[in-house]
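Enquirer: Fold the following.
(chains A and B)
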Amino acid sequence: MGKIDVEGLCYSYPNVADQALTDINLKIEPGEFILLTGPSGCGKTTFCRCLNGLIPHFYNGEMKGDLKIDGISTREHPTYELAKHVGLIFQNPDNQIFSLTVEKDIAFGLENLGESREKMRGEIDWAMNQVGIVPLKERGTHELSGGQKQRLTIASILAMHPGIIVMDEPTAFLDPVGAEKIFEVLQTLNREHGITILLIEHRMDLAVKYCGRIIVFDKGRIVNDGTPREIFTSDETRLIGIGIPRMVELGRRLSQRGYNIGIPLNSDEAFTKLTPFLKKSVTTNTKQGLPELDEIVGEYTHTPIIELQDVTYSYSSGIDALLGVSLTINKGEFVAVMGENGAGKTTLVKHFNGLLRPKSGNVVVDGKDVSKNSVASMARKVGLVFQNPDDQFFAEDVEEELSFALRNFGYEETVINERVEWALNLLDLQRYKKSSPFILSGGERKRVALASILAWNPDILVLDEPTVGQDHGQKERLKHFLMQLRTQGKTVVIVTHDVEFVAESQPRVVLMSKGRVIADGTAKKIMTDARSLGACSVAPPEVTKLFSKLTLYSLPIDVLDVDEALDLLTRKLRRDNP
Amino acid sequence: MSLLESLRFSKGDSPIHRMDPRVKFLMTMVIFALSIMFFDLIPLLAVFILQIPLILYAKIWREWLKTLKGGAFLAVIIFTTNLLSFYFFRGMHLSGENVEFSLSLTLRFLSLITSFSLFFLTTSPDKLSLALEKAKIPYEFNFAFITAIRFVPVLADEAQTIMDAQRSRGLELDKGGFLSRIRKYIPILLPLIVNSIRRSLELAEAMESRAFGATKNRTNLYELKMAPSDYFALVITLGALAFALYVRLFLPPLPKLMSGLLFL
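Expert: Purely as a prediction, here's the structure:
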């Protein structure tokens, strides 16, 4: 159980000229833990669909070559037969939960297979035990948190005892600790039950700790296949632009400077590889790193632009989302709001343009009380970019989509054209001007959504989860773009789970937990404060994890990104190894 | 909308919740039959009032009041249109019997929605699906029904998010004339429809991955077993039906309460 053989697999979707997969040859042995990666649109999701026969049975299209699961050809056997061998889990748990209670949902597959009631009872208990959701057995599926839902989808697949589990970005919507728990569950299944795991994941720093093999896709082909160390030391990987884990990057650059510590995959490994070269010292940690980011970019003006005073909010369902939040954001600041799923982050930012009005307390934006102004008038100041671009597209083409808000605000036609052109150029969308927003790729859609907000040039820009589902290259571009906005004096607020993104862009960080702000300060201060981070399910960045272990070596703790780490370590290594 | 909203099952535990869904369904149907069998105030009042202890027993009076509130507007319409039609078509006057009749029809409506909320508020869709399965309804229909219920809250959330996204882009739904207001719902409906289509595709993929349609002999985790209390309820329900039929068919017409009174 758990074996995959692929020979000469080619596939193209119906009515699409380009091949989605070209000449895939692959052997996967039982019990492997494999990461599938590559830039957006590289064919990795298509490959997953082939594994349980959704391709060709569900999608039709043209398939050549052979794919055998445990020796069974996917071409000749229907998906429901393959379901006993391969379990496919998708990104959005909401679209895979069919029943109203947890146990009934786990039973769904077994019922379809016609299993007896006694057998089902046993399998359900076993599956719930494996993923740690036993106490949720009789709960309604709609009351579960994001992480619980994703664990339920694993249990539901697990109950059917497949030898292979395939997951397409299972942690995209989860907070860092929730994501780590999913990985731990997968690791247990892999180690204790020998289940083969195939996983698509953009959180490279996290995924690399668990997988034993990485397969890199690009333009429908496999371009690289090997152990993480092999992959990250080959130059082809760099060219495709998949994310390199921070510790690997650190190791590589240190060896370029003559300190060969090998290729550590995580902070623990980096620590054991570094320590032989380092001398312990009891001197206090004097900061010798790079100057603070604020010193480079220039101080913000300290004119408050968003002010919240003791804001409370509860939804009509009775959930108290905000329990007295006070917060001041200054003009030109760059702020990241972080916290566990359900901490109230999105609820908070919806107060900035008056979509939600506080039950008690005050929200004043640019001198205006949001409770006394219409959303439309606040929106001119505050551009709110939602997480999922599909929640706003309706127009025939991108140009139309971009001019929607401008028309609502009553701009004149000549101004509208001007603004649209400006936004198209700003986000490199000129060539899609006349394309339908619906046919664009995920990354392009996100850019159109952003452009449709920037079109009216709001002073304050709020982005909800801008990095979700974005590959490494797209995240890099976004980071630079946000920097650019900052230098123009815009106030930028992001809501995010992406620890590494925050570590590298170093905004002010506001930590939220259970409807309250529990910590607020520079990225350096907050992202190295393990206790506060732990309280709201945020894990520190890898670099910080490494430096928190190195305190006995007279190195500072508050180090976030690879550049600074490299600088500090080279100096320290030079001193200790003359 | 709120009328439908209030019919949504919320988890609870009472003898009514635990009742066999088939018996409960029969009970609802009998109440339904009784409500349309009579045109007189006395029996309709009796049917309505007899349901109240059941509502209290199931501890769903709060939700039931919401249902009544949601139905209040329709009830008023039923009452006034009846009165007005009597008034205008019966020579511009209104007798006590006319008022009684209008009142009866309104009460019938309230009885019907009460019986439905009694059923839907206390029957989990999972159990309902099981009852449908026992009734040999093809599983595809059954599944579609359950999925629809399962996705009501998901779709409501999504509609809210879309509305928020468009309002953040300056869309003002409550401004302008009737036609332009309707046009303003396009930016909300379109993403909702497109997302639903996309979602249904994903759902289909997930169903396939869970071996949907693997065997004709699909099993069910839950089973239905009639408890002694269910037989008891069954007997009472059938007894009530028999009694009502007897009253309706073999007894002389019931007296009117307001006959002789002249209103206008």
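
Enquirer: Can you tell me the number of residues neighbouring the closest residue to chain B within chain A?
Expert: Residue nearest to chain B within chain A: A:Asn408 (3.3 Å; Cβ to the nearest Cβ). For the C-beta atoms, the positions are set from N, CA and C on the backbone; glycine is no exception. Neighbour count of A:Asn408, defined by other Cβ atoms under 10 Å in any protein chain shown: 21.

Enquirer: residues contacting the residue lying closest to it once chain neighbours are set aside?
Expert: Of all residues not flanking A:Asn408 in the chain, B:Gly170 sits nearest, at 3.3 Å (Cβ to Cβ, 6 or more residues apart in numbering or on different chains). Applying Cβ atoms under 8 Å, 6 or more residues apart in numbering or on different chains, we find B:Gly170 in contact with A:376, A:379-380, A:405, A:408-409, A:456.

Enquirer: What is the nearest of the residues you listed to A:Leu88?
Expert: Relative to A:Leu88, the closest of the contacts of B:Gly170 is A:Ala405; by Cβ to Cβ it sits at 38.7 Å.

Enquirer: check contacts around that closest one.
Expert: A:379, A:452-453, A:455-456, B:169-170.

Enquirer: tell me which strands and helices the strand or helix carrying B:Val47 is in contact with?
Expert: Taking DSSP states H and E as the definition, one finds B:Val47 inside helix B:41-57. Applying 3 or more Cβ pairs under 8 Å, 6 or more residues apart in numbering or on different chains; DSSP states H and E, one finds that helix B:41-57 contacts helix B:15-18, helix B:21-37, helix B:96-122.

Enquirer: Mean pLDDT, mean neighbour count and distance to A:Glu236 for those - can I get that in TSV?
Expert: Shown next, in TSV, are the helices and strands packed on helix B:41-57 (pLDDT from 0 to 100; neighbours: other Cβ atoms under 10 Å in any protein chain shown; distance: least, Cβ to Cβ, whole Å):
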stretch	mean pLDDT	mean neighbour count	distance to A:Glu236
helix B:15-18	88	16	62
helix B:21-37	92	19	61
helix B:96-122	89	20	60
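
Enquirer: TSV for these, including distance to A:Thr522?
Expert: Output for the helices and strands packed on helix B:41-57, formatted as TSV (distance: least, Cβ to Cβ, whole Å):
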stretch	distance to A:Thr522
helix B:15-18	54
helix B:21-37	59
helix B:96-122	53
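
Enquirer: so which of those helices comes closest to B:Leu56?
Expert: Comparing the helices and strands packed on helix B:41-57 by Cβ to Cβ, helix B:15-18 comes nearest, at 10.0 Å.

Enquirer: Name the helix or strand for B:Thr80, please.
Expert: helix B:61-89.

Enquirer: now the angle from that helix to helix B:96-122?
Expert: For helix B:61-89 against helix B:96-122, the angle by axes from the mean of the first three to the mean of the last three Cα atoms, to 10 degrees is 150 degrees.

Enquirer: Mind listing what's buried along the helix or strand containing B:Asp157?
Expert: Element membership for B:Asp157, per DSSP H and E: helix B:139-167. By neighbour count on 16 or more other Cβ atoms under 10 Å in any protein chain shown, the buried set for helix B:139-167 is B:139, B:142-143, B:146, B:149-151, B:158-159, B:161-167.

Enquirer: go on, stretch A:218-237?
Expert: Buried-residue list, stretch A:218-237, by 16+ other Cβ under 10 Å: A:218-220, A:222-225, A:228-229, A:231-233, A:237.

Enquirer: Would you mind writing the CA trace of it as CSV?
Expert: Only the C-alpha atoms of stretch A:218-237 are listed here, as CSV (Å, rounded to 0.1, in the frame of the first residue of the first chain):
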residue,chain,number,x,y,z
ASP,A,218,7.7,24.1,-13.5
LYS,A,219,5.6,24.7,-16.6
GLY,A,220,4.1,21.2,-16.3
ARG,A,221,7.4,19.3,-16.0
ILE,A,222,9.3,17.9,-13.1
VAL,A,223,12.5,20.0,-13.1
ASN,A,224,14.1,18.8,-9.9
ASP,A,225,13.6,15.8,-7.6
GLY,A,226,15.6,14.9,-4.5
THR,A,227,16.2,15.3,-0.8
PRO,A,228,15.8,18.8,0.6
ARG,A,229,19.5,19.2,0.8
GLU,A,230,20.0,18.2,-2.8
ILE,A,231,17.2,20.5,-4.0
PHE,A,232,18.4,23.5,-2.1
THR,A,233,22.0,23.2,-3.2
SER,A,234,21.2,22.9,-6.9
ASP,A,235,21.1,26.1,-8.9
GLU,A,236,18.1,25.2,-11.0
THR,A,237,16.0,25.7,-7.9
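
Enquirer: Name the residues that touch that stretch?
Expert: Applying Cβ under 8 Å, 6+ apart, the set of residues contacting stretch A:218-237 from outside is A:18-26, A:35, A:38-39, A:42-43, A:46, A:208, A:211-217, A:240, A:244-245, A:248, A:252, A:263, A:265.

Enquirer: again, but for stretch B:248-261
Expert: By Cβ under 8 Å, 6+ apart, the residues outside stretch B:248-261 that reach it are B:37-38, B:40-43, B:95-97, B:99-100, B:247.

Enquirer: go with 7 Å
Expert: Residues from elsewhere that reach stretch B:248-261 (Cβ atoms under 7 Å, 6 or more residues apart in numbering or on different chains): B:37-38, B:40-43, B:96-97, B:99-100.

Enquirer: Which pair of those spans the longest distance?
Expert: B:Met37 and B:Gly96 (22.7 Å).

Enquirer: which stretch of helix or strand covers A:Thr528?
Expert: Applying DSSP H and E, one finds A:Thr528 in no helix or strand.

Enquirer: Got phi/psi on it?
Expert: phi -110, psi 0 (degrees, to the nearest 10).

Enquirer: Number of residues surrounding residue 183?
Expert: By default, I'm working from chain A. Under the neighbour criterion other Cβ under 10 Å, A:Phe183 is assigned a count of 21.

Enquirer: Chain B was what I was after
Expert: Look at B:Arg183: counted by other Cβ under 10 Å, it has 11 neighbours.

Enquirer: where does chain B have low pLDDT?
Expert: B:1-8, B:259-264 (pLDDT under 70).

Enquirer: In it, what residue comes closest to chain A?
Expert: As assessed by Cβ to the nearest Cβ, chain A sits closest to B:Gly170 within chain B, at 3.3 Å.

Enquirer: For the stretch 451-578 of chain A, which segments count as helices?
Expert: A:472-487, A:499-505, A:523-526, A:530-535, A:542-549, A:562-576 (DSSP state H, counting those that start in this stretch).
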